[in-house]
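In: Structure for the following, please:
(2 chains)
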Amino acid sequence: MAKIELDDVSLTFTVRQNRKVTLKEYLLRGLFLQSRNPRVAVHALSHLNLSAGDGDRIGVIGHNGAGKSTLLKLLAGVYPPTAGTRDVQGKICSLFDIALGFEHDASGWDNIRYRSYLLGETPRTVKKKMSAIAEFSELGDFLNIPVRYYSSGMLVRLAFSISTAVEPEVLLIDEVLGAGDLAFQIKAKQRMREMMASARLMVLVTHEIPTLEQICNRAIWLQHGSVMMDGKPDDVVAAYKASVNAPQAAPHVGGGVDGDGPAAELKSAA
Amino acid sequence: MLAHLKAVWTFRYFWMSLVRMDLRSRYRRSVLGIGWSVLHPIAMSGVFCLVFSQIMDIKSADWEPYGYAAAWRGYAAFLLTGMAVWEFIRNSTAMGCQALLANEAYIRQCPLPYGIYPLRTVMGTGIHFVISMVVVLILVSILKGTPSVLGMLWAVLPVMVLLFFFCWAMATLSAFATVYFHDTAHLVEVGSQLFFFLTPIMYTRKQMGQLSFLADINPVNLFLELIRTPLVFGTPAEPAVYLQGVALTAAAVGLAAGTIGWLQKKVIFQL
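Out: I've put the predicted structure just below:
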């Protein structure tokens, strides 16, 4: 059984305007000088409630910086909620940031192993999947050389092939449909469709409205970190489209500075 | 904490394969390969031995009762053992600083127990420690002229396991500290250099004279004593020292586990 239960979840990033904190800043903080490098709170998600179970195919839409990717990372367990509770049951497969985390000096074969172990496989189960992963990636003899020499497209191919070689219960996808060249994209799309069909529960973040309408049976519209609307894809998409045409006010980031969209967006995309 | 260790064990294939890769890539394109970690402690001790046996007053009366034919032989055995232990602790703490920062990509992708990343570092330094200990055993046997030192292994092996956990804890602490305060790496580097001279590695506690109290409050000295006394002097350390070693390790592990428990939900926002 797969289940997602978010109860009043909030996620607030505390960032500094400048990443670097100087010694002066350390020593003088809060003494008598106003900090020139204040902490800024970015409310990526605020008071989010979501419950989903077997059979749900959820599509998440919203503007850049609305908190879509952050929501996925929270569901995957990468970000812990700063308030509220998160309960996700079932084996999770997440397809985002997949091109990260390769050991550049190791060969393609070795990286297949590391990545699979990271996803919780054992040497026995990996052995069975190795050839299937290699075949799907179509990298052939390139798998014998260190991934340092791969092109970015090849890296994505390899990452996608490994990440999708599992049978997940909870599938979390962040618009990775544009992976590799045209031929691979078609193949990848096919593979994703199969996974979406077999997963018990899926959450898809996308800007492609037609894809969403085709695949999902439920849609969520996020704005400034809260749910604007949750319901049938047709209704939500219609409301979302209507709002896009209407003018938007910039979200408030808070913490003493004038917030802007890009700041929030930067963090949720990072 | 037990749940954390169990989770670390669940992902053993992951970190074990990374440790194997670290070892391979460290000596990639090197002619001598892993021979470097054999050569390093020997070369260092050789130089120290050459210089310090001239500068310092090494009396044969200090070493002959322990079965060394000449004073320099005893001093060399003393130095070799000390260097091996010191290098393990120092390298684990210093290289541990990068443990979380270097593995950021994994942390951002998959929620694994945080103990895994310092463990990756300490497994690497630990393997070098084991290699250099084997070298030390062989050299001490040669210096003593008999392989009697092998009879002391029972007193040393448990301490090596204890030391491993101590180093894992140290690496964990320095890893978390570095994320919050990037200067930690430099502080550790400078600090360990100072510490080296405040620890009886090159000289015995007796030779430290008035400063010998520094050795008594020095946690590193505990492990030095526990490993050196049986190997170099041929008698196991006092039971009280063993107890102190266990207590120190327990404290360090407790601190590290507490740090992970405290920061595991916060550290990702600082990376």
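In: What count of nearby residues applies to the nearest residue to B:Val130 once chain neighbours are set aside?
Out: Nearest non-adjacent residue to B:Val130, counting by Cβ to Cβ, 6 or more residues apart in numbering or on different chains: B:Met160, 7.6 Å away. Backbone N, C-alpha and C define where each C-beta goes, glycine included. Neighbourhood size, B:Met160 [other Cβ atoms under 10 Å in any protein chain shown]: 18.
In: Can you tell me the element B:Met160 falls in?
Out: According to DSSP states H and E, B:Met160 maps onto helix B:153-180.
In: Distance from the chain centre to that helix, please.
Out: 7 Å (Cα atoms, centre = their mean, to the nearest Å).
In: Report the buried residues of it.
Out: Judged by neighbour count (16 or more other Cβ atoms under 10 Å in any protein chain shown), helix B:153-180 contains these buried residues: B:155-156, B:159-160, B:162-164, B:166-179.
In: packing partners for that helix?
Out: Using 3 or more Cβ pairs under 8 Å, 6 or more residues apart in numbering or on different chains; DSSP states H and E, the elements in contact with helix B:153-180 are helix B:71-96, helix B:99-102, helix B:116-144, helix B:184-198, helix B:219-228, helix B:239-263.
In: got the contact list for the second one?
Out: Spelled out, it's helix B:99-102. B:107, B:114, B:117-118, B:120-121, B:171-172, B:174-176, B:178-179, B:267, B:271 (Cβ atoms under 8 Å, 6 or more residues apart in numbering or on different chains).
In: Among those residues, name the least confidently predicted one.
Out: Ranked by pLDDT, those bottom out at B:Leu271 (79).
In: Chain neighbours aside, what residue packs nearest to that residue?
Out: B:Glu104 (5.1 Å).
In: ok, now B:Leu137?
Out: Here the residue nearest B:Leu137, using Cβ to Cβ, 6+ apart, is B:Val149, at 6.1 Å.
In: How about B:Thr204?
Out: Using Cβ to Cβ, 6+ apart, the closest residue to B:Thr204 is B:Phe78 (7.2 Å).
In: list the contacts for that neighbour?
Out: Counting by Cβ under 8 Å, 6+ apart, B:Phe78 makes contact with B:204, B:228, B:232.
In: Among those residues, find me the one that's closest to chain A.
Out: Top of the list for closeness to chain A, among the contacts of B:Phe78 and by Cβ to the nearest Cβ, is B:Arg228 at 37.2 Å.
In: check contacts around the closest one.
Out: B:78, B:81-82, B:85.
In: ok, so of those residues, who is nearest chain A?
Out: Nearest member of those to chain A, counting by Cβ to the nearest Cβ, is B:Val85, at 30.1 Å.
In: hmm, back to that, does the residue nearest to B:Leu137 touch B:Leu139 like I think?
Out: No: using Cβ atoms under 8 Å, B:Val149 is not in contact with B:Leu139, being 9.7 Å away.
In: Chain A contacts on chain B?
Out: Applying Cβ under 8 Å from any Cβ of the partner chain, we find that chain B lies next to chain A at B:10-11, B:13-14, B:17-18, B:21, B:25, B:28, B:105-112, B:264-265, B:268-269.
In: which sections of the stretch 101-250 of chain B are below the confidence cut-off?
Out: By pLDDT under 70, the stretch 101-250 of chain B has no low-scoring segment.
In: Now do the same for the closest residue to B:Ile201 other than its chain neighbours: its pLDDT.
Out: Residue nearest to B:Ile201 in three dimensions, not counting chain neighbours: B:Gly82, with 4.2 Å by Cβ to Cβ, 6+ apart. What the model reports as pLDDT for B:Gly82 is 92.
In: where along chain A do the helices fall?
Out: If DSSP state H is used as the criterion, the helices of chain A fall at A:23-28, A:68-76, A:108-118, A:123-137, A:152-163, A:182-198, A:209-215, A:233-245, A:261-269.
In: Least reliable of those by average pLDDT, please.
Out: Averaging pLDDT over each of the helices of chain A puts helix A:261-269 lowest, since it has a mean of 42.
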